[in-house]
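Visitor: return a 3D structure for these sequence lines:
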Amino acid sequence: MNWWLTGIGVASGVGLWLLWRHLDQVEDGPIGFMEWVKNPSIRKRRERAERKGEATIEEFVRCEPEQIVALLKDDNWNYPAKLAIQRMGRAAAPALLDAVRDEVSRRPIGEPLKHAEDDSCDESGLLKALFDCLEGVSPPEAVPVVAPLARDPSYWIRAQAALLLGSIGTDEAVAPIEQLLKDPSSHVRTLCIIGIERAARGGRIGTHLRQLAYKKIAAGITEQYEGLEQIYPQCLFRLDRERAVRLLASDEVLSPEHRCLHYALEALREGGVVVEEAVLLRLWELLEPRIEDYPHYYSAEQVVQMLAKYDSPQTDAVIERATQCASPHVRLAAAKAQAVRTGLDDPVGTGLGMIEELGWDGVPTPVAHACAVMILHWEVDNGGFTQYFVNSSGDQWDFARAGLQAIGAKIDVKLLDAALSMFRNGSPSTNNDKRHKQLARVCQRDDHAFAMIESKFWKDADDRVVLVYRYILANAECFRVGRDEE
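Guide: This is a model prediction of the structure:
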């Protein structure tokens, strides 16, 4: 046992943490999702380990930070050590910085790490763990320690330094950040901007860095640098909202030819910026002929949702045409726009909130139907019917089936029935633990029991989410109950 354990009083935790670490291991290698599905006992073992593990983390938090930071070097202990360090907050920063200095000093100047792009390499893995922990608190005193790494030969090390320095956001970090924003690696530049956005969101960015970052990122939008389109607009909003609105709503950016168009529109919409109706209608006219092509259908999706604020014959006609559009993205945007125009900004979110408060049996039937179908859609889209049935979401499969019938999704009803038929009597339990055991027997017979059904479900022949929103519109009063009570 390592020396530091003797004074902590958690010697019994060694077996626990090795169990936690190796819960994802079986005799033949790492345990996968299907192995977990086919062995329900793993869930209980993990839950027991996590309950005991919580107590052990609390013990770690009461230790000296230096002791716990040392554990980041040990594969058996680095995960719980990270959790404990996160809870320590800034108190752990000095020990983390000492560890960074030690790691940097052990490597000759100018010598890149071996396989530095590989997270599994010991040196890069440890530095990443240290930087991850530091990024959580972003201590300004880290700047002089981390700044030299902006010139490191390894792009991987520069990327980690970029994220941390950007997240710290003080003016002392301007020089290395300026260099990192010009780095030849798009990965380094991306992480630097992500870090700067976090600093701006946290209200800790310095005046000079704010000006530098805005200038560089605005230039990226104007010059249409490839690869960073998604994060540029949101970051500009954080840095200087007034200037960002002028840039993102300019004729130059609001053009189908601009690489950032749909991200700019998304940032404007989510930022609550009202773009003139005439501008949006002009954009629609330009996008409609190309609406089946990427990324134009994403831009048209944003335009339609932004038009929901306006009430005019021209906008009515656009939203109506959008409901019949060949692009599913645009059809869904039209359905959402129609909901917004009736006062339902987020009916699904409202419905889920009602269910959380009142339970599935306590909400109006249309709310239960719509929300159960959306949960089915999200789960199966993410991980198939196996994921749906193994998770607690599957407790409401009967609501989901009734919901599919109610919205008129005839093909989806048949597909769900086919999935249900894999269970005995075509009726899995609505108790999660019991259903997991039933699902285990299905998957033990065939790992791919639901594969054919899923491939048809993913084709979405019914356009199910659009049908959900149309059903919501037809039962709008049921989704206003929760909002009015708030």
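Visitor: how close does E141 sit to R90?
Guide: Going from E141 to R90 by CB to CB, to the nearest Å gives 10 Å. (C-beta placed from N, C-alpha, C; glycine too.)
Visitor: what's the answer for Y79, then?
Guide: Note on Y79: its distance to R90, by CB to CB, is 21 Å.
Visitor: which residue ranges form the strands in this protein?
Guide: Assigned strands in the chain, in chain order: 25-26, 29-30 (criterion: DSSP state E).
Visitor: of those, which shows the lowest average pLDDT?
Guide: Comparing mean pLDDT across the strands of the chain, the lowest value falls on strand 25-26: a mean of 44.
Visitor: in stretch 231-245, what's buried?
Guide: 231-240, 244-245 (16 or more other CB atoms under 10 Å).
Visitor: centre of the chain to that stretch, how far?
Guide: Between the centre of stretch 231-245 and the centre of its chain there are 21 Å (CA atoms, centre = their mean, to the nearest Å).
Visitor: show me what it is in contact with.
Guide: By CB atoms under 8 Å, 6 or more residues apart in numbering, the surrounding residues in contact with stretch 231-245 are 190, 193-194, 196-197, 200-201, 205, 210, 213-214, 217-218, 220-221, 247-248, 260, 263-264, 266-268, 271, 273.
Visitor: for ChimeraX, what selects the buried ones among those residues?
Guide: Here is the ChimeraX command that picks out the buried ones among those, judged by 16+ other CB under 10 Å:
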select :190,193,194,196,197,200,205,210,213,214,217,218,220,221,247,248,260,263,264,266,267,268,273
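Visitor: would you format the buried residues of stretch 231-245 as TSV with pLDDT and distance to L72 included?
Guide: Compiled in TSV, those are given as follows (pLDDT from 0 to 100; distance: CB to CB, whole Å):
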residue	pLDDT	distance to L72
I231	82	29
Y232	86	34
P233	91	36
Q234	88	32
C235	90	30
L236	93	35
F237	91	35
R238	90	31
L239	93	33
D240	94	38
A244	95	38
V245	96	43
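Visitor: mind checking which of those residues are in helices?
Guide: 232-239, 244-245 (DSSP state H).
Visitor: what's the closest of those residues to A150?
Guide: Nearest to A150 out of those is C235 (CB to CB; 19.2 Å).
Visitor: does A161 really touch D152, like I thought?
Guide: Yes - counting by CB atoms under 8 Å, A161 sits close enough to D152 to count as a contact (7.1 Å).
Visitor: in terms of neighbours, single out the busier of those two.
Guide: Residue environment comparison for A161 versus D152 gives the larger neighbour count to A161, 30 against 21, counting by other CB atoms under 10 Å.
Visitor: wait, what's in contact with the closest residue in space to the more buried one that isn't next to it in sequence?
Guide: Once its chain neighbours are removed from consideration, A161 has its nearest residue in L149; the separation is 3.9 Å (CB to CB, 6 or more residues apart in numbering). The neighbourhood of L149, defined by CB under 8 Å, 6+ apart, consists of 104, 157-158, 160-161.
Visitor: give me the pLDDT value at C63.
Guide: If you check C63, the pLDDT there is 92.
Visitor: number of residues surrounding it?
Guide: Neighbouring residues of C63 were enumerated by other CB under 10 Å; the total is 17.
Visitor: how about the buried residues of stretch 231-245 in a markdown table, adding distance to L307?
Guide: What follows is the buried residues of stretch 231-245, written out as a markdown table (distance: CB to CB, whole Å):
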| residue | distance to L307 |
| --- | --- |
| I231 | 26 |
| Y232 | 24 |
| P233 | 19 |
| Q234 | 22 |
| C235 | 26 |
| L236 | 23 |
| F237 | 21 |
| R238 | 26 |
| L239 | 28 |
| D240 | 27 |
| A244 | 22 |
| V245 | 18 |
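Visitor: so where is the stretch 251-400 of the chain shaky, pLDDT-wise?
Guide: In the prediction, the stretch 251-400 of the chain carries no residues with pLDDT under 70.
Visitor: and the helices in it?
Guide: Along the stretch 251-400 of the chain, the segments classed as helices by DSSP state H, counting those that start in this stretch run 261-270, 277-287, 296-307, 313-323, 328-341, 347-358, 365-390, 397-407.
Visitor: tabulate those helices (a markdown table), appending distance to E477.
Guide: Compiled in a markdown table, the helices of the stretch 251-400 of the chain are given as follows (distance: least, CB to CB, whole Å):
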| stretch | distance to E477 |
| --- | --- |
| helix 261-270 | 27 |
| helix 277-287 | 29 |
| helix 296-307 | 23 |
| helix 313-323 | 22 |
| helix 328-341 | 13 |
| helix 347-358 | 11 |
| helix 365-390 | 9 |
| helix 397-407 | 16 |
